[in-house]
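Chemist: Sequence below, structure please.
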Amino acid sequence: MEIQTIGIDLGKTLFHLVGVDASGSVVVRKRCSRSQLVAFTANLRVQRIGMEACSGSHFLGRTLRDQGHDVRLMPAQYVKPYVKTNKSDYIDAEAIAEAVQRPTMRFVPIKTEDQLDLQAVHRVRERWVRRRTAVVNQIRGLLLERGLTLPKGRSYVEQALPDILEDATLRLSDSFRVLLAQLKVELDQLTARIEEIGTVLQHTAKENEACQRLTTIPGIGPVIATALIAAIGNGSGFRRGRDLAAWVGIVPREYTTGGKQKLLGISKRGNSYLRRLFVQGARAVMQHRHNQAPGLSAWLAQLLARSHQNVAIVALANKLLRMAWAVLCKNETYRPPALVASS
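Modeler: Below you'll find the predicted structure:
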């Protein structure tokens, strides 16, 4: 019995392992805990170990890689076509073992602990930002029921709320004033937390040399730079910037049949958090396009002349993302686009 490839179906406490030989026949089926799995693989020498990229996969991937194994992580949607019959943990593990051997399979790079720490910071920050937005909208909705209309935007609520609480001429009940005061405290606490975690991201960006190179690109600050590094590392998992843009979902969807190409709206696949950040960064660059480098400013002017502003912003986000990949993967500094003279 010679095991060539192992597929592991991950769980919280129990893991299902399937080993196949060179002919693709299943020779091992095993259910074990995490410690038993690590002990079992420590005494094996196989060609490749495959797992789905999910929670806990990066930790186990680093552990098995330290044992000398070639560990590959795959998106779950790429494994699904290899499931032959009804679902079970062993069937999933067998599908993983088959999928990881495919020469055209796309793999997910194993994240380092620093990347996971940065990713955790961004996920917590994103949850706090959404919660703050929900509190602001709730305050506006409650005040609207009392005949008080506030414009959209957190700054308007923060400016008007203290005066509303102190204005005795408004016919607000004591219980409602107490409720508004509690909502104001919650809003202030969330704002303080977000500012504190923003300081942490700025400090991290200053200490990271790759982040320093990324922040020289227009529209990219500490938040976007650290989020990009947390997601893709040095970008070596992508062959080119276009592949990264497609993974983020900022390229057109394609529906081509009968030799007729049809491009639709952006695909919105992949990392929605990165896509939103880069679109916001592109929007900021577009607002100050006259202060950009001559080459970039001229390109934006030509783009706006033939496209809607929102379309131009998405195109600019695509361009910034590809620039960021080149800066990361090629270990180069950002060079502003040169101004091409018209003939």
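
Chemist: Residue 191 against residue 132, yeah?
Modeler: Yes - counting by Cβ atoms under 8 Å, residue 191 touches residue 132, with 6.6 Å between them. Where you see a C-beta, it was placed from the backbone N, CA and C, and this is true even at glycine.

Chemist: So for the two, which sits in the more crowded spot?
Modeler: residue 132 (19 against 16; other Cβ atoms under 10 Å).

Chemist: which residues touch the more buried one?
Modeler: Contact partners of residue 132, counting by Cβ atoms under 8 Å, 6 or more residues apart in numbering, are 154, 187, 190-191, 194.

Chemist: let's see it at 7 Å
Modeler: 187, 190-191, 194 (Cβ atoms under 7 Å, 6 or more residues apart in numbering).

Chemist: As a check, name the ranges of all strands in the stretch 151-300 of the chain.
Modeler: Here the stretch 151-300 of the chain has its strands, by DSSP state E, counting those that start in this stretch, at 252-254, 263-266.

Chemist: Compile these into JSON lines and extend it with columns for distance to residue 140.
Modeler: Listed next are the strands of the stretch 151-300 of the chain as JSON lines, based on distance: least, Cβ to Cβ, whole Å:
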{"stretch": "strand 252-254", "distance to residue 140": "35"}
{"stretch": "strand 263-266", "distance to residue 140": "30"}
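
Chemist: These: which one's closest to residue 219?
Modeler: Nearest to residue 219 among the strands of the stretch 151-300 of the chain is strand 263-266 (17.5 Å), distances taken as Cβ to Cβ.

Chemist: wouldn't residue 100 be in contact with residue 73 here?
Modeler: No - counting by Cβ atoms under 7 Å, residue 100 stays clear of residue 73, with 9.2 Å between them.

Chemist: Compare those two (neighbour count), which wins?
Modeler: Neighbours per residue, other Cβ under 10 Å: of residue 100 and residue 73, the larger number sits with residue 100, 26 against 20.

Chemist: For that one, which non-adjacent residue is closest in space?
Modeler: Computed as Cβ to Cβ, 6 or more residues apart in numbering, the closest residue to residue 100 that is not its neighbour in sequence is residue 50, at 2.8 Å.
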